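Colleague: The following block contains a protein sequence and its predicted model.
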Amino acid sequence: MCGIIGIVNISEDVSEKLFKGLKLLEYRGYDSAGMAVINNGNLQIIKDKGKIDEIHEKYDFLTLSGRIGIAHTRWATHGAPDKVNAHPHIDCTGSIAVVHNGIIENFMDLKTELAEQGHKFRSRTDTEVVAHLIEENLKRGMDVEDAFVNAIRRLKGAYALAVISTASPDKIFCARVESPLVLGIREGEVYCSSDIPSLLLFTNKIAPLDNGEYAIISPNNVEIRRISDGSRVRKQFKKIDMGVEEAKKEGYPHYMLKEIFEQPYSIRYALNVQKNYLELMADFIDRSSRLFLVAAGTSYHAGLVGSYIFSKLARITGMPVIASEFVSRYGDSITVDDSILAISQSGETRDVLWAVEQAKMRGATILAIVNVLASTLTRVARIYLHQQSGPEIGVAATKTYTGQLTILYQLAFSLARKRGKLGQDEMDRFIEELNMLPDVIDMILKKCDREILEVANEIKDAKYVIFLGRGVNTGTAYEGRLKLMEISYIPSLAYPAGENKHGPISLIEKDVPVIGLVQDDETKKLMISNLHEVRSRGAKTYVISSSDDEEVREVSDVLIKVPRVSALFTPITYVVPLQLLAYHTSVLRGLDPDKPRNLAKSVTVI
Ligand code: AGP
């Protein structure tokens, strides 16, 4: 997955703007980057492997001068992350440049065909075929638009593309199938990009390109058509009320820390979910015979916690399923009576979209919780709830996780009410407590940051770390493990603590750090006994709990006490110290928590 941007201006150079926009897209991939402009009828390109700033320092993107250009930041799918495979890619004549986000599934067939026609390929990417296809069409006498449209009609897979050609030096040709692409306009300048924030630097008049559409943009004109039949599409550019500042670090050393500390606000926003859609979604779930909570990574952990909450509050069975497993596990048995609740921060995770597409084909109702508006998932879902966490730049999901949980609680309450499973008093008490969570999180952040820094210092050189949870906090243990592992690279395990004696306890030896989550519910006694099990075998226990009674203290080498809330809400309060633990451990190990190796913010490949 990658980020792409294109700008065409009536009179000014665009390289500085492309560079600034590209920097905002870096969260989408950062193993290589490049830029192409047309200057006096010639294509000029800078590209290399590495982060955008490293490449800029080496070559200086601003030396490129031209009124039209495209740029790319890459997360490798086909071909190693090196200079040759970095975008933009060009045709044999060096007059067509292409940037692409997505995967062209039939590129091998196309490459073979083009190679037989004499085309010389420089890279191992799927993208390069697009440049050669257009070149071939031009050779056959088509104009650039026809050559472009004819080329993209031959592509199978997912793509957001932007193409410039010296044969049409004031137009960018762009198209979208699956991968996101938005357009922006201002007087004398038109843009295309993988996301909205990267364009907010220049304009707030935005229109997303829909699936299956292409656009030809020139300094004062935007023409949008359907790829399938070339028919014209009329689209309104809407004013987006969101500042670029939202996407900046605001004084924090890393986006991740900023985003952890934003949680009192982001949870508050999530509490403002549109109630009519919430009720509508609850109606659909209530009417369906089966409910699947489908998601990947952190969002899957939210789904897992959600399944406990739905059961406890509304007596509904929701089956949490890892998106990439959904089709083989349940694909054939899905019916029109089923509902899929897809949870995805980005709304672009390919595994999730794939599961959803398959379920939709079988007539299931698609519901979604998303953070990114106008994302693909919002278009395929019958109803979606917007969690409103704001842009999350750090690759590790933090505020969007607690935002997802906040929505899931509200959905569970709405279901419980519909199904008459909770008395009004109890419901009122829970809702009041949920509304207090932003303040509770604020207290936790103030109280725990230093304590957690000390714990991070103790575990930073550990060979491995084990996370134990039970009940509603099984998902929290998984999430704590994922956070630590993905940004500190310390191998970590998490499992429901009852599994201890079925195998993993053999890993316990002297001083192995075990992070235990103890909440005050039916699991407390069992969890305490699991902590005794590991402690008596030499583990060093770090316990997160809102209880500090004798029983809990006895099993805690270090106790991180968090303010008391009902056990039901501890997945939100307990995950915050775990996020801080991952963050501080990563920084203490000299790593960049915002950009863990081999990962990208939104995984748009299967
Ligand atoms: C977690 O920190 C990761 N960023 C990753 O697991 C992420 O949650 C997963 O890729 C799903 O992303 P989504 O919510 O955008 O679908």
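Modeller: Ah, there it is. Residues are numbered from 1 along each chain as shown.

Colleague: wait, residue 183 sits on residue 190?
Modeller: Yes. Applying CB atoms under 8 Å, one finds residue 183 in contact with residue 190, separated by 7.1 Å. C-beta coordinates here come from the backbone N, C-alpha and C atoms, glycine included.

Colleague: hey, what's in contact with both of these two?
Modeller: Counting by CB atoms under 8 Å, 6 or more residues apart in numbering, the residues touching both residue 183 and residue 190 are 217, 222.

Colleague: list the buried ones in the longest helix seen in the chain?
Modeller: In the chain, assigned by DSSP state H, the helix with the most residues is helix 424-459. Of all the residues in helix 424-459, those buried under the rule 16 or more other CB atoms under 10 Å are 430, 434, 437-438, 440-442, 444-445, 448-449, 451-453, 455-456, 459.

Colleague: Stretch 580-592 too?
Modeller: Buried-residue list, stretch 580-592, by 16+ other CB under 10 Å: 580-587.

Colleague: tell me, how many neighbours does the residue of the chain found nearest the ligand end up with?
Modeller: Going by CB to the nearest ligand atom, the ligand is nearest to residue 297 of the chain, at 1.9 Å. Residues near residue 297, counting by other CB atoms under 10 Å, number 23.

Colleague: swap in residue 477?
Modeller: Other residues lying near residue 477 total 28 when counted by other CB under 10 Å.

Colleague: again with residue 408
Modeller: Number of residues near residue 408 (other CB under 10 Å) recorded here: 27.

Colleague: what sits against it?
Modeller: So residue 408 contacts 302, 305-306, 309-310, 369 (CB under 8 Å, 6+ apart).

Colleague: ditto for residue 107
Modeller: 78, 126-127, 129, 157.

Colleague: got it, and residue 498?
Modeller: By CB under 8 Å, 6+ apart, the contact list for residue 498 reads 470, 526, 530.

Colleague: Kindly recompute the last result at 7 Å.
Modeller: By CB atoms under 7 Å, 6 or more residues apart in numbering, the contact list for residue 498 reads 470, 526.

Colleague: a helix runs through it, doesn't it?
Modeller: Yes. Assignment of residue 498 by DSSP: H, G, I helix; E, B strand; the rest coil places it within a helix.

Colleague: Please, where are all the helices along the stretch 151-300 of the chain?
Modeller: 197-200, 255-261, 263-271, 275-287, 297-309 (DSSP state H, counting those that start in this stretch).

Colleague: What is the burial count for the closest residue to residue 388 other than its chain neighbours?
Modeller: Nearest non-adjacent residue to residue 388, counting by CB to CB, 6 or more residues apart in numbering: residue 269, 3.9 Å away. By other CB under 10 Å, the residues close to residue 269 number 18.

Colleague: Surely residue 269 is in contact with residue 399?
Modeller: No. Counting by CB atoms under 7 Å, residue 269 stays clear of residue 399, with 9.5 Å between them.

Colleague: Between these two, which contacts overlap?
Modeller: Common contacts of residue 269 and residue 399, defined by CB under 7 Å, 6+ apart, comprise residue 389.

Colleague: Spell out which residues of the stretch 501-606 of the chain are next to the ligand.
Modeller: 602-603 (CB under 6 Å from any ligand atom).

Colleague: Sorry, slip of the keys, the one I care about is the chain.
Modeller: Counting by CB under 6 Å from any ligand atom, the residues of the chain near the ligand are 296-299, 344-346, 349, 352, 395-397, 482, 486, 602-603.

Colleague: Quick check: the residue lying closest to the residue of the chain closest to the ligand once chain neighbours are set aside vs residue 302, distance?
Modeller: Among residues not flanking residue 297 along the chain, residue 482 sits closest, at 6.6 Å (CB to CB, 6+ apart). Distance from residue 482 to residue 302, counting by CB to CB, to the nearest Å: 12 Å.

Colleague: So which of the two has more stuff around it?
Modeller: residue 302 (32 against 22).

Colleague: what about the nearest residue to the more buried one once chain neighbours are set aside, which SS state?
Modeller: Using CB to CB, 6+ apart and skipping the chain neighbours, the partner closest in space to residue 302 is residue 404 (3.9 Å). At residue 404, secondary structure determined by three-state DSSP is helix.

Colleague: Residue 404: how many residues sit nearby?
Modeller: For residue 404, using other CB under 10 Å, the count is 29.

Colleague: Pretty sure it sits against residue 387.
Modeller: Yes. Between residue 404 and residue 387 there is a contact under CB under 7 Å: 6.0 Å.

Colleague: tell me, what's touching these two both at once?
Modeller: What both residue 404 and residue 387 touch, as defined by CB under 7 Å, 6+ apart, is the set residue 369.

Colleague: domains of this structure?
Modeller: 3-248, 252-422, 437-606 (automatic domain parsing).

Colleague: and the nearest residue to residue 49 once chain neighbours are set aside, how many residues sit next to it?
Modeller: Excluding the flanking residues, the one nearest residue 49 by CB to CB, 6+ apart is residue 32, at 4.2 Å. Neighbours of residue 32 under the rule other CB under 10 Å: 28.

Colleague: Look up which residues are beta-bridged to residue 32.
Modeller: Applying DSSP bridges to residue 32 gives these bridge partners: residue 49, residue 74.

Colleague: Quick check: it touching residue 81?
Modeller: Yes. The criterion here is CB under 7 Å, and residue 32 meets it with residue 81 at 5.1 Å.

Colleague: where do the contact lists of those two overlap?
Modeller: Residues touching both residue 32 and residue 81 by CB under 7 Å, 6+ apart: 49, 74.

Colleague: Tell me the pLDDT of residue 584.
Modeller: pLDDT recorded at residue 584 is 98.

Colleague: for residue 79, that is, sorry about that
Modeller: Note for residue 79: predicted pLDDT of 66.

Colleague: for residue 18, same thing?
Modeller: The per-residue confidence score, pLDDT, reads 98 for residue 18.

Colleague: Tell me who's in contact with it.
Modeller: 5, 7, 35, 69, 71.

Colleague: Which residues are in contact with residue 132?
Modeller: 91-92, 114, 119.
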